[in-house]
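>>> Quick one, structure for this:
(chains A and B)
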Amino acid sequence: DQQVKQNSPSLSVQEGRISILNCDYTNSMFDYFLWYKKYPAEGPTFLISISSIKDKNEDGRFTVFLNKSAKHLSLHIVPSQPGDSAVYFCAASARMDSNYQLIWGAGTKLIIKP
Amino acid sequence: DTAVSQTPKYLVTQMGNDKSIKCEQNLGHDTMYWYKQDSKKFLKIMFSYNNKELIINETVPNRFSPKSPDKAHLNLHINSLELGDSAVYFCASSQDDPGKGDYNEQFFGPGTRLTVL
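Got it, this is the predicted structure:
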């Protein structure tokens, strides 16, 4: 039972264009959503987050949009750069009893073409 | 300086062996985690420790046991290794305080690729 889904295993985008990575979730109790970026042979690194009470959060070239009614969020990268080539994980945070858990999607591999 | 470090980076071993993976964080965080990234690339939490107390234990076989000598270390011991244990294991840490609300980001180690033959 996947509570966080990233339906595109990979995405190829031309350098300079916009990259849009999508994520869907099923649990309306999630209170934070996070995007992590992962390079090969490295651990995931935090990129950007959004609270469930917001619909947009922007940080430089990265913007995350949240549509709660559709249980959908997306990460926009503009303009895309070669260094953005990585696997992007969507994760959702839920408080279970007194603890926080992160539920992860399977990741989307972003390839930026020169 | 590495914030979250894991050793070894690669581990190849035979079925039935017992092995350990070490994790250390120098961020002063009070919560540490172990994740398993399986063949489908999902990151699944195995354990977390807060102030030396186990607070999450997902349905992991009891062959896996976390050991935390202090809040900067969370080691993973695996007994009687099986083929299905082959995966990448990530350690992470965060400054979460379960009682106070806002979620804080988790910082990950580089991962340990375990191969069981």
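>>> gap between the residue of chain B found nearest chain A and B:T13?
Using Cβ to the nearest Cβ, the point where chain B gets nearest to chain A is B:F108, with a distance of 3.1 Å. Using the backbone N, CA and C atoms, a C-beta is placed for each residue, glycine as well. As judged by Cβ to Cβ, to the nearest Å, B:F108 and B:T13 stand 23 Å apart.
>>> got it, and A:I20?
Taking Cβ to Cβ as the measure, A:I20 falls 42 Å from B:T13.
>>> thought the residue of chain B closest to chain A was touching B:S94?
No. Counting by Cβ atoms under 8 Å, B:F108 sits too far from B:S94 to count as a contact (10.0 Å).
>>> Near chain B, which residues of chain A are found?
In this structure, chain A approaches chain B at residues A:31-32, A:34, A:36, A:41-46, A:49, A:87, A:89, A:91, A:93, A:95, A:98-102, A:104-107, judged by Cβ under 8 Å from any Cβ of the partner chain.
>>> who's in contact with the residue nearest to the spatial centre of chain B?
Among the residues of chain B, B:W34 comes closest to the average C-alpha position under Cα atoms, centre = their mean, at 2.3 Å. When contacts are counted by Cβ atoms under 8 Å, 6 or more residues apart in numbering or on different chains, B:W34 touches B:C23, B:I45, B:M46, B:F47, B:S48, B:P66, B:L74, B:L76, B:Y89, B:F90, B:C91, B:A92.
>>> tell me which residues in stretch B:8-23 are buried?
B:L11, B:T13, B:K19, B:I21, B:K22, B:C23 (16 or more other Cβ atoms under 10 Å in any protein chain shown).
>>> my bad, should have said stretch A:101-114
Going by 16+ other Cβ under 10 Å, stretch A:101-114 has these buried residues: A:Q101, A:L102, A:I103, A:W104, A:G105, A:A106, A:G107, A:T108, A:K109, A:L110, A:I112.
>>> low-scoring stretches of the chain, by residue?
This is for chain A. Low-confidence segments of chain A, defined by pLDDT under 70, are located at A:1, A:96-100.
>>> that's the other chain; I wanted chain B
B:1, B:52, B:56, B:58, B:96-104.
>>> Give me the neighbour count for A:D31.
Burial of A:D31, expressed as a neighbour count using other Cβ atoms under 10 Å in any protein chain shown, amounts to 15.
>>> So it is in contact with A:A94, correct?
Yes. Shown here, A:D31 and A:A94 form a contact pair, counting by Cβ under 8 Å, at 6.7 Å.
>>> How about chain A: which residue is closest to chain B?
Checked against chain B (Cβ to the nearest Cβ), the nearest residue in chain A is A:G43, 3.1 Å away.
>>> any idea how far A:Y25 is from that residue?
Counting by Cβ to Cβ, the gap from A:G43 to A:Y25 is 23 Å.
>>> try B:T31
As judged by Cβ to Cβ, B:T31 and A:Y25 stand 23 Å apart.
>>> before we move on, what about B:R63?
Here the criterion is Cβ to Cβ. By it, B:R63 lies 32 Å from A:Y25.
>>> do B:V12 as well
In terms of Cβ to Cβ, B:V12 sits 37 Å off from A:Y25.
>>> Are any of the residues of chain A next to chain B buried, and if so which?
Buried residues within the residues of chain A next to chain B, defined by neighbour count using 16+ other Cβ under 10 Å: A:32, A:34, A:36, A:43-44, A:46, A:49, A:87, A:89, A:91, A:93, A:100-102, A:104-107.
>>> quick one, strands of chain B?
Here chain B has its strands, by DSSP state E, at B:4-7, B:10-13, B:19-25, B:31-37, B:43-50, B:53-57, B:64-67, B:75-78, B:87-94, B:107-108, B:112-116.
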